[in-house]
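Novice: prediction below, plus the sequence it came from.
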Amino acid sequence: MATLQMYMDQSRIENTFEDEVYGEVWGRDTWIDNAVGKIEKIIVHRPGEELLAMKDAVYEEEAGSLILKDGRGRIRSYWKGDTFPDISLMQEQHDAMTDALRKEGIEVINQDDPKHEWPNMTFARDFAEMTPKGAVLSRYSMYFHQGETPIGQKTMADLGVPIIGAIQGKGTMEGGSFCQLDSHTAVVGRSVRINDEGIEQMRSLLKNQGIELIVIDMPAFYIHLDEAFVPVDTDKCLVSTFILPFWFLDLLKKMGYKIIETDRDDPFLTNNCLCLEPGKVLFSARGKNTIRNLEKAGVEVVPVDISEINKLGGGIHCSTLPIVRERI
């Protein structure tokens, strides 16, 4: 028996991330190894029945929002403003967004929760962090997102996306604060939603792929990196320079990136855009000043109105999770 096992040892795989083996097993050797390559597949969630729960929300002046709580006093969701969400308008805007994605030849996958229990599912970005070799499942910091991870896990399994890890225990990590910048570099924003334990778990999972993790501290007002930083071309980034530290802006320049300014006079979250392919972005129609900055820098803009979706607390980038991009 020992002789047989020694004989069989010749088929040992020293590194299961080797492209040839990985591609044979999973159907492709790379999933997301950059932030701007042409998107092939993307996950979204169309706003739906889960938002009907907001009828029981109460306006909290301290938060400036409608706050939904359950019978145990736990926050289940929030809505910026004091009027009930216009779900039909949200769906209309979301449909226009996904129509724009399909026009770009992107396969749009809508994930759903048959139980309609989690009102913030519109923001599909956050349940996972996509890396070259697959998905890392998030662990949310807030109770009202907890059910999104198992739903996302099933979606990934159904799509045949390898799950290479999960943030666990006391660690917290959310997709909106993670960027796979290139095949060797990722960036994460530490914030009220992303803690040191989550960052170190993510660092360990990325190290297995030879990826360095850069950590940026976000100001208290911001919860995710994509509120301040989104790559828009192979050598261009849309950046809120009034939010991010100088050392990171300087690093981007040394890496060869041109910085395009987010205009401070544009509405909040208009910079939360999605790069469709190098030099082309899906962008909020309300960000007129920043659109001019992008176009001046040679970036093509596809505008869509997501003003009602913004009131749930996110934008275009928050609402979309690319799972396959072309390699750069």
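Specialist: Alright, I've got the coordinates.
Novice: Asn289: neighbour count?
Specialist: Residues contacting Asn289 under the criterion other CB atoms under 10 Å number 14. Just so you know, the C-beta spots here come from the backbone N, C-alpha and C atoms, and that holds for glycine as well.
Novice: with adjacent residues omitted, what lies nearest to it?
Specialist: Asp263 (3.5 Å; CB to CB, 6 or more residues apart in numbering).
Novice: work out for me the element that neighbour sits within.
Specialist: Using DSSP states H and E, Asp263 falls within no helix or strand.
Novice: contacts only, for it.
Specialist: Asp263 sits next to 287, 289-290, 292-293 when contact means CB atoms under 8 Å, 6 or more residues apart in numbering.
Novice: could you measure from it over to Gly287?
Specialist: Using CB to CB, to the nearest Å, one obtains 7 Å as the distance from Asp263 to Gly287.
Novice: then the strand or helix carrying Asn289 to PDB, C-alphas only?
Specialist: Secondary structure from DSSP H and E places Asn289 in helix 288-296. Provided in PDB are the C-alpha atoms of helix 288-296 (Å, rounded to 0.1, in the frame of the first residue of the first chain):
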ATOM      1  CA  LYS A 288     -22.600  66.700 -14.300                       C
ATOM      2  CA  ASN A 289     -19.400  68.400 -13.200                       C
ATOM      3  CA  THR A 290     -17.600  65.100 -12.700                       C
ATOM      4  CA  ILE A 291     -18.800  63.900 -16.000                       C
ATOM      5  CA  ARG A 292     -17.100  66.900 -17.600                       C
ATOM      6  CA  ASN A 293     -13.900  66.000 -15.700                       C
ATOM      7  CA  LEU A 294     -14.100  62.400 -17.000                       C
ATOM      8  CA  GLU A 295     -14.800  63.400 -20.600                       C
ATOM      9  CA  LYS A 296     -12.000  66.000 -20.500                       C
END
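Novice: what's the average pLDDT for it?
Specialist: Across helix 288-296, pLDDT averages out at 98.
Novice: show me what it is packed up against.
Specialist: For helix 288-296, the helices and strands in contact under the criterion 3 or more CB pairs under 8 Å, 6 or more residues apart in numbering; DSSP states H and E are strand 258-261, strand 280-284, strand 300-304.
Novice: would you tell me which one of those strands is buried the most?
Specialist: Comparing the helices and strands packed on helix 288-296 by mean neighbour count (mean count of other CB atoms under 10 Å), strand 280-284 comes out on top with a mean of 24.
Novice: contact partners of it?
Specialist: The contact list for strand 280-284, computed with CB under 8 Å, 6+ apart, reads 97, 100-101, 230, 232, 238, 267, 269-270, 272-276, 290-291, 294, 299-307, 310, 315-316.
Novice: list buried residues within the residues you listed.
Specialist: Burial by neighbour count, judged by 16 or more other CB atoms under 10 Å, picks out 97, 100-101, 230, 232, 238, 269-270, 272-276, 290-291, 294, 299, 301-302, 304, 306, 310, 315-316 from the contacts of strand 280-284.
Novice: straight-line length of stretch 140-157, end to end?
Specialist: Terminal residues of stretch 140-157 lie 20 Å apart, using CA to CA, to the nearest Å.
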